[in-house]
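In: Just the structure for this:
(4 chains)
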Protein chains: 2
Amino acid sequence: MTASREALSDLLERKGVRATPRRLEVLEELAREPDDVTAQQLWGRLRERDSGAGLATVYRTLGLLSESGVVDVLSHHGGEQCYRLCGDEHHHHLLCERCHRVVEVQECGLDDWVASAAERHGFVPTDHRVEIVGLCADCRSG
Amino acid sequence: MTASREALSDLLERKGVRATPRRLEVLEELAREPDDVTAQQLWGRLRERDSGAGLATVYRTLGLLSESGVVDVLSHHGGEQCYRLCGDEHHHHLLCERCHRVVEVQECGLDDWVASAAERHGFVPTDHRVEIVGLCADCRSG
DNA sequence: GCGATAACGATAACGGTTCTCATTCGCACA
DNA sequence: TGTGCGAATGAGAACCGTTATCGTTATCGC
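Out: Alright, predicted model coming up:
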């Protein structure tokens, strides 16, 4: 998922977010991460790379990025939120309950199911979230 | 969803949780609630009824109840958790984005979809969660 | 370069949750 | 009906993730 600094900069501008050096550092670190990370973890990794980014900036940037749809926010840890750089399209997540790996499921195909389930209770659906929890290939065999 | 004190007491014992008066108060208040509530809200309602239950006890009890599968925990508010007395069986939730009403969807029927989505990425699924967000019948017309 | 504005870092404040500990309660047993 | 012991409880402190504040610094249009 690692991307060039230019690509990430373009991504930000396209979303109407000014691409400052600090924001690029955060985004770059996020792109380096295959799974989801908490704000604090991300901050820790930035410090290891001798970035002077402050914790507040990390939170601000993650907030901006999630608002503009660049990152997904997962709250499966109860208490703290996890962030992940995700594709643009509607998708769901597979979570490994052992190693916490996160994999995107691009194929949704649940629209009909969602519509009928919602309709049965008088709801008009606007969105839906699915999380599949299980064991990933590595944890299954290891 | 209101249930007799005896039924609630039985429910606790059946789950291996000692049915103390305080715990019954909490459970009773939870049964009175059609939607989900936060721990703090629940505590507030107990105080209104002149219950002397402490906040710590409310948290402890909700923790116990969720561990033993008597209540569901929803973390859709980011930051604080919501609790809800739910049926025993596997189910999903419909959330009204306007009034925050929560409705259980008993019919799942997603096992095949889940299995194939997981398998496609090398996962063995153990559980899945679905939340449908939308507008309930009242908020749709109102 | 210059000025207005946005972004930034350090740190305090906030709010939900958990921990601590002294007290009380519930239950088994004498 | 006491008595003792472990579990449960309440008050409040501690904790921790997050957000707000504020003075400083960088950025961009001119």
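
In: how about the lengthiest strand in chain A: buried residues?
Out: Across chain A, the longest stretch assigned as strand under DSSP state E is strand A:124-135. Applying a neighbour-count criterion of 16 or more other C-beta atoms under 10 Å in any protein chain shown, one finds A:125, A:128, A:130-135 buried in strand A:124-135. Placement of C-beta: from N, CA and C, glycine included.

In: do stretch A:71-82 as well
Out: By 16+ other C-beta under 10 Å, the buried positions in stretch A:71-82 come out as A:71-76, A:81-82.

In: Near chain B, list only the ones from the residues you listed.
Out: Counting by C-beta under 8 Å from any C-beta of the partner chain, A:73, A:75-76, A:81 from those sit close to chain B.

In: how about a markdown table for these, with distance to residue B:98 and secondary structure added?
Out: A markdown table is the format used below for these (distance: C-beta to C-beta, whole Å; DSSP: H, G, I helix; E, B strand; the rest coil):
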| residue | distance to residue B:98 | secondary structure |
| --- | --- | --- |
| A:73 | 21 | strand |
| A:75 | 21 | coil |
| A:76 | 25 | coil |
| A:81 | 23 | coil |
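
In: and which of these is nearest chain B?
Out: Top of the list for closeness to chain B, among those and by C-beta to the nearest C-beta, is residue A:75 at 4.6 Å.

In: gap between residue A:44 and residue A:129?
Out: Distance of residue A:44 to residue A:129, given as C-beta to C-beta, to the nearest Å: 28 Å.

In: ugh, wrong one, residue A:54
Out: Residue A:54 is 31 Å from residue A:129, by C-beta to C-beta.

In: swap in residue A:73?
Out: The gap separating residue A:73 from residue A:129 is 11 Å, by C-beta to C-beta.

In: cool, residue A:87 as well?
Out: If you measure residue A:87 against residue A:129 using C-beta to C-beta, the figure is 15 Å.

In: Then residue A:114?
Out: 10 Å.

In: wait, what's in contact with the residue nearest to residue A:126 when sequence neighbours are not counted?
Out: Nearest non-adjacent residue to residue A:126, counting by C-beta to C-beta, 6 or more residues apart in numbering or on different chains: residue B:134, 4.8 Å away. Listed by C-beta atoms under 8 Å, 6 or more residues apart in numbering or on different chains, the contact set of residue B:134 reads A:118, A:123-127, B:94-97.

In: which one of those residues sits closest to residue B:10?
Out: Nearest to residue B:10, judged by C-beta to C-beta, of the contacts of residue B:134 is residue B:94 at 28.7 Å.

In: I'd guess the closest one is in a helix, am I close?
Out: No - the assignment for residue B:94 (DSSP: H, G, I helix; E, B strand; the rest coil) gives strand, which keeps it out of a helix.

In: hmm, back to that, which two from the buried residues of stretch A:71-82 end up farthest apart in space?
Out: Taking C-beta to C-beta, no two of the buried residues of stretch A:71-82 sit farther apart than A:71 and A:76, at 15.0 Å.

In: What residues does the residue nearest to residue A:73 when sequence neighbours are not counted make contact with?
Out: Nearest non-adjacent residue to residue A:73, counting by C-beta to C-beta, 6+ apart: residue A:66, 4.9 Å away. By C-beta under 8 Å, 6+ apart, residue A:66 lies in contact with A:72-73, A:83.

In: List the buried residues in the helix or strand harbouring residue A:66.
Out: Assigned by DSSP states H and E, residue A:66 falls within helix A:55-67. Residues of helix A:55-67 classed as buried by neighbour count (16+ other C-beta under 10 Å): A:57-58, A:61-62, A:64-65.

In: Quick one: the residues you listed as JSON lines, columns for pLDDT too.
Out: Compiled in JSON lines, the buried residues of helix A:55-67 are given as follows (pLDDT from 0 to 100):
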{"residue": "A:57", "pLDDT": "98"}
{"residue": "A:58", "pLDDT": "98"}
{"residue": "A:61", "pLDDT": "98"}
{"residue": "A:62", "pLDDT": "98"}
{"residue": "A:64", "pLDDT": "96"}
{"residue": "A:65", "pLDDT": "96"}
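
In: Just the closest of those residues to residue A:48, please.
Out: Using C-beta to C-beta, these come closest to residue A:48 at residue A:58, 13.4 Å.

In: If anything else comes up later, I'll come back, but that's it for now.
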